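>>> Fold the following, please.
(one chain, ligands or ions: 1)
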Amino acid sequence: ATPPASLFERLGGPAGVSDLMGRTLARAAADPRTQRSFEGIKLSPLQQSLTEQICALAGGGCRYQGETMARVHQDLHIKPSEFDAFVEMLRQEIDRGGSDARAKNELLRLLAPMKQAIVSP
Ligand code: HEM
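Next up is the predicted model:
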């Protein structure tokens, strides 16, 4: 019997998730609602780090080696509206990539609790 595919695989595996994160970051860095945080930030290492984190979270077998969400975002003072806009872009890019609604919702459910750590006054 084949084991059930991990969420990471259902989201497209390493190539699919990396592509998803690249598209989401490119949009976030260009969207007036979120762009200010990305000024001067190199997107490709960020894309790699995010992909590793999603891989770790979604059963892809990676170990996330980056900073904590609180530490990496604290100086950016990300507002709830900025967080929500980012997640909306991610949701739209998952749809564009063709993952099913269940995989999308599973990922969003894993990310939602991070809002507390990422958003700050
Ligand atoms: C669920 C939502 C989010 C997740 C999972 C997430 C995840 C991450 C990760 C994994 C890193 C890299 C940490 C490292 O390599 O040590 C990072 C950095 C960063 N994130 Fe987020 N993030 C989220 C939301 C946001 C939002 C809403 C913004 C801005 C609107 C944002 C802006 C940034 C920026 C600018 C960096 C780079 C900071 C630097 O290099 O100094 N993130 N994030």
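>>> Find the closest residue to the ligand in the protein.
In the chain, no residue comes nearer to the ligand than Gly66, which is 2.9 Å away by Cβ to the nearest ligand atom. In short, each C-beta sits where N, CA and C put it, glycine included.
>>> Next up, the contacts around that residue.
For Gly66, the contacting residues are Ser49, Glu52, Gln53, Val72, by Cβ atoms under 8 Å, 6 or more residues apart in numbering.
>>> Intersect those residues with the contacts of the ligand.
Counting by Cβ under 6 Å from any ligand atom, Ser49, Gln53, Val72 from those sit close to the ligand.
>>> ok, now how distant is the residue lying closest to the second one once chain neighbours are set aside from Gly22?
Meaning Gln53. Leaving out its chain neighbours, the residue that sits closest to Gln53 by Cβ to Cβ, 6 or more residues apart in numbering is Tyr64, at 4.6 Å. Distance, Tyr64 to Gly22, using Cβ to Cβ, to the nearest Å: 18 Å.
>>> These two: who's more crowded?
Gly22 (18 against 14; other Cβ atoms under 10 Å).
>>> close enough to count as contact, that one and Gln48?
No. Counting by Cβ atoms under 8 Å, Gly22 does not reach Gln48; the two are 9.6 Å apart.
>>> low-confidence ranges in this structure?
For the chain, no stretch is flagged by pLDDT under 70.
>>> picking that back up, SS state for the residue of the chain closest to the ligand?
Of the three states, Gly66 takes coil under DSSP: H, G, I helix; E, B strand; the rest coil.
>>> quick one, phi/psi of it?
phi -80, psi -170 (degrees, to the nearest 10).
>>> Equivalent analysis for Lys42, please.
Phi and psi for Lys42, reported as degrees, to the nearest 10, are phi -80, psi 120.
>>> what's the neighbour count on it?
Here the number of neighbours of Lys42 (other Cβ under 10 Å) works out to 8.
>>> and this structure, which residues reach the ligand?
Counting by Cβ under 6 Å from any ligand atom, the residues of the chain near the ligand are 28, 34, 37-38, 41, 46, 49-50, 53, 66-67, 72-73, 76, 78, 82-83, 86, 111, 114, 118.
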